[in-house]
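S.K.: A predicted structure for the sequence below; I have some questions about it.
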Amino acid sequence: MTTASHLPEVTPGSNHRPEEVANRLRASEIFQSYQQAFQTATGLPLVLRAAGSFQAPLHGSKNGSALCALMAAKSKTCAACLQLQQQVEAAAVAGTATLECFSGLAESVIPIRLGETIIAYLQTGQVLLHAPTEKQFRAALRQLARLGAEVDVEALRTAFFATRVLTRAHYDAMLRLLASFGEHLSLITNELMIKEAASEPPAVSRARAFIAEHLGEPLSLDIVSHAAHMSEFYFCKVFKAATGLTFTDYVSRARIEKTKQLLLNPHVRVSEAAYEAGFQSLSQFNRVFRRTVGEAPSAYRDRLHGGDHPRSTLAYAA
């Protein structure tokens with residue numbers, strides 16, 4: 001399995017803002033390799049953008065729509081595109097979401113989560129899910145007129161009728177591939193939170209090594225700070241500055257990652273994995289797992305071994 005070792009290092013004390021994490025993921029070898037493979041295999045564009053970004057994410061991307069490029073050059077239609085981005089983000093809270101713009105082109109996003117928080121999206125689309133018609137083109141022109149956008153009608157017509165068309169079943173299959181990759185990126189993002197920073201103090205390195213070796217045992221602040229040869233008070237300050245996490249949060253995340261690794265084995269029960277990772281209470285484990293991963297442990301295990309795919313919602317944006 002590809003891990004956070006393929007990502008640029010987290011700077012000590014980082015607040016892990018969505019833009020920062022998205023930039024690291026975007027620069028990672030695994031994303032760039034998948035992006036190239038996906039675009040070559042499907043002919044669709046693929047970008048990764050931070051949650052809340054106010055830039056048109058697919059504009060200028062490889063395999064992007066010529067129709068969208070023409071409309072993005074106009075400030076009025078660009079504003080409409082950004083409004084669509086806000087709508088599709090809102091629709092993607094539960095999973096993969098697809099919206100159609102006023103010209104009928106579908107755009108889809110797959111959320112990438114850090115625990116329960118969506119920090120980025122994989123985005124693709126700019127395709128038609130049905131054959132283009134003159135009626136639809138005329139409706140798009142009327143909407144452009146309402147927006148006050150001056151366009152080259154013939155150039156727009158050529159681009160519209162040259163837009164790639166996919167069946168809904170074909171497009172949904174591509175989205176399922178992206179959803180699986182999105183889950184992998186979410187896992188990497190959680191690992192990134194416990195990744196050792198290159199310049200961390202030796203005491204923090206000793207503490208992290210001690211935690212990793214004794215993860216299945218009770219780990220108190222007193223025990224770990226003693227192993228790091230520091231006072232509890234000073235250890236808390238140094239550890240938080242180096243990792244960006246409190247001691248308790250770090251241990252919880254490390255145990256969750258251990259649990260997720262154990263659950264890769266379909267014969268391991270959730271309770272067995274939790275206790276082996278060091279959780280002493282199933283109620284505590286369930287609470288921490290849901291807060292960190294964003295879903296119940298049983299749902300995660302079922303999905304990991306062939307459960308339901310994330311929902312895909314089709315809506316329409318005016």
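M.R.: That came through fine.
S.K.: End to end on stretch 143-160, go ahead and measure it.
M.R.: 14 Å (C-alpha to C-alpha, to the nearest Å).
S.K.: Tell me the buried residues in that stretch?
M.R.: 143-144, 147, 149, 151, 156-157, 159-160 (16 or more other C-beta atoms under 10 Å). Bear in mind the C-beta positions are built from the backbone N, C-alpha and C, glycine included.
S.K.: ok, the residue nearest to the spatial centre of the chain to Ala37 distance?
M.R.: Central residue of the chain (C-alpha atoms, centre = their mean): Ile112, 1.6 Å from the mean position. Ile112 is 18 Å from Ala37, where distance means C-beta to C-beta, to the nearest Å.
S.K.: now Ala254: how far from Gln280?
M.R.: From Ala254 over to Gln280 (counting by C-beta to C-beta), the distance is 15 Å.
S.K.: Which stretches in the stretch 101-250 of the chain count as helices?
M.R.: 134-147, 153-161, 168-192, 202-213, 221-227, 232-243, 247-262 (DSSP state H, counting those that start in this stretch).
S.K.: Serialize those to CSV and add fields for mean pLDDT and distance to Gln123.
M.R.: Listed next are the helices of the stretch 101-250 of the chain as CSV, based on pLDDT from 0 to 100; distance: least, C-beta to C-beta, whole Å:
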stretch, mean pLDDT, distance to Gln123
helix 134-147, 88, 21
helix 153-161, 91, 20
helix 168-192, 87, 9
helix 202-213, 90, 35
helix 221-227, 94, 41
helix 232-243, 89, 31
helix 247-262, 90, 26
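S.K.: I'd like those helices written out as CSV, with distance to Ala51 added.
M.R.: Output for the helices of the stretch 101-250 of the chain, formatted as CSV (distance: least, C-beta to C-beta, whole Å):
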stretch, distance to Ala51
helix 134-147, 26
helix 153-161, 30
helix 168-192, 12
helix 202-213, 29
helix 221-227, 33
helix 232-243, 23
helix 247-262, 20
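S.K.: Return the set of buried residues in the longest strand belonging to the chain.
M.R.: Ranked by residue count, the top strand of the chain under DSSP state E comes out as strand 117-127. Using 16+ other C-beta under 10 Å as the test for burial, strand 117-127 gives 118-127.
S.K.: Paired strands for that strand, with orientation please.
M.R.: Here strand 117-127 has these sheet partners by DSSP bridges: strand 47-50 (antiparallel), strand 106-114 (antiparallel).
S.K.: Highest mean neighbour count out of those strands?
M.R.: Highest mean neighbour count among those (mean count of other C-beta atoms under 10 Å): strand 106-114, with a mean of 25.
S.K.: now the angle from it to helix 168-192?
M.R.: 20 degrees (axes from the mean of the first three to the mean of the last three C-alpha atoms, to 10 degrees).
S.K.: just the CA coordinates of strand 106-114, formatted as PDB?
M.R.: Extracted in PDB, the C-alpha atoms of strand 106-114 (Å, rounded to 0.1, in the frame of the first residue of the first chain):
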ATOM      1  CA  ALA A 106     -21.800  17.300 -16.000                       C
ATOM      2  CA  GLU A 107     -19.100  18.000 -13.400                       C
ATOM      3  CA  SER A 108     -18.400  15.700 -10.500                       C
ATOM      4  CA  VAL A 109     -16.500  15.800  -7.200                       C
ATOM      5  CA  ILE A 110     -15.300  13.200  -4.900                       C
ATOM      6  CA  PRO A 111     -14.500  14.400  -1.300                       C
ATOM      7  CA  ILE A 112     -11.200  13.700   0.400                       C
ATOM      8  CA  ARG A 113     -11.500  13.700   4.200                       C
ATOM      9  CA  LEU A 114      -9.400  14.200   7.200                       C
END
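S.K.: Thanks a lot, catch you later.
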